[in-house]
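> my questions concern the predicted model and sequence given below.
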Amino acid sequence: MRRELITDAAIKLVAAQGMRGLTHRAVDREAGLPEGSTSAYFRTRKALVEGFVARLAEQERLDVAPDPDDIAGSIAKTLDSWLVERDRTLARYAAMLEATHHPELKSIMAHSPREQATALAKMLGHADPERAGAHFTAFLEGLLFYRLVGGGSTVGPAPGTEESLRDLRQAVEKALRP
């Protein structure tokens, strides 16, 4: 319970201030805990970073469960919820950038979406499901980034609206075609 409180506070901090804002004291303040609480659970900054990245990956795994009867619609709903939950998604991208310097973070983050996309590609009958899964994952990451902070953030439909869901669904449907 306390680990989740700490890692959730770390996610909020990273979303608001970037990786530079992530300190043990700042997490204690954000979580409303006595000073020193975070360092009791995560002794080093590296451990704290790994902890909040693992929490992000855990939340992502719980979010991603395509409905076999409406694959595009369920993926669109997931993406839209990640746009609405902006803090978590911003922290996730900050962690992805951090992972370029720390391979251990890549291993925490990388497996779930790619594995799920590969399984989906197999189900849809792609000749090379590994490659198709990797391409689909890259597409979804690009779409999400574009809508969150890229050009789509200024011209795309507002997250959490029916228009946003329709727009995302159309994009996902096109990407799912073998």
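Perfect, I can see it now.
> could you check the pLDDT of residue 153?
At residue 153 the predicted local confidence, pLDDT, stands at 79.
> list the residues that contact it.
146, 147 (C-beta atoms under 8 Å, 6 or more residues apart in numbering). C-beta: built from backbone N, CA, C; applies to glycine.
> give me the element it is part of.
Taking DSSP states H and E as the definition, one finds residue 153 inside helix 152-155.
> packing partners of the helix or strand of the chain with the lowest mean pLDDT?
With mean pLDDT, DSSP states H and E as the measure, the helix or strand of the chain carrying the lowest mean pLDDT is helix 103-109 (a mean of 74). The elements that helix 103-109 packs onto, with contact taken as 3 or more C-beta pairs under 8 Å, 6 or more residues apart in numbering; DSSP states H and E, are helix 45-63, helix 86-99.
> thinking again about what came up before, output the helix holding residue 153 as PDB, nothing but the C-alphas.
C-alpha atoms of helix 152-155 as PDB (Å, rounded to 0.1, in the frame of the first residue of the first chain):
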ATOM      1  CA  GLY A 152      -2.500  16.400 -32.600                       C
ATOM      2  CA  SER A 153      -2.700  18.000 -29.200                       C
ATOM      3  CA  THR A 154      -3.500  21.300 -30.800                       C
ATOM      4  CA  VAL A 155      -5.900  20.100 -33.500                       C
END
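> what's in contact with the helix or strand that it is followed by?
Read in the C-terminal direction, the helix or strand following helix 152-155 is helix 162-176, with elements assigned using DSSP H and E. Here helix 162-176 makes contact (C-beta under 8 Å, 6+ apart) with 71-73, 75-77, 79-80, 83, 120, 124, 136, 139-140, 143, 147, 156-158.
> ok, now stretch 13-24?
In this structure, residues lying in contact with stretch 13-24 by C-beta under 8 Å, 6+ apart are 10, 26-27, 30, 36, 38-39, 42, 45, 48-49, 52, 86-88, 90-91, 94-95, 97-98.
> picking up where we left off before, could you point out which element follows the least confident helix or strand of the chain?
Tracing the chain C-terminally past helix 103-109 and defining elements by DSSP H and E, one meets helix 111-123 next.
> what is the rounded mean pLDDT of that next one?
If you average the pLDDT over helix 111-123, you get 78.
> and the next helix or strand past that helix?
Beyond helix 111-123 on the C-terminal side, the first helix or strand identified by DSSP H and E is helix 129-148.
> show me what counts as buried in that following helix.
The neighbour-count criterion (16 or more other C-beta atoms under 10 Å) identifies 129, 132, 133, 136, 137, 139, 140, 143, 144, 147, 148 as the buried residues of helix 129-148.
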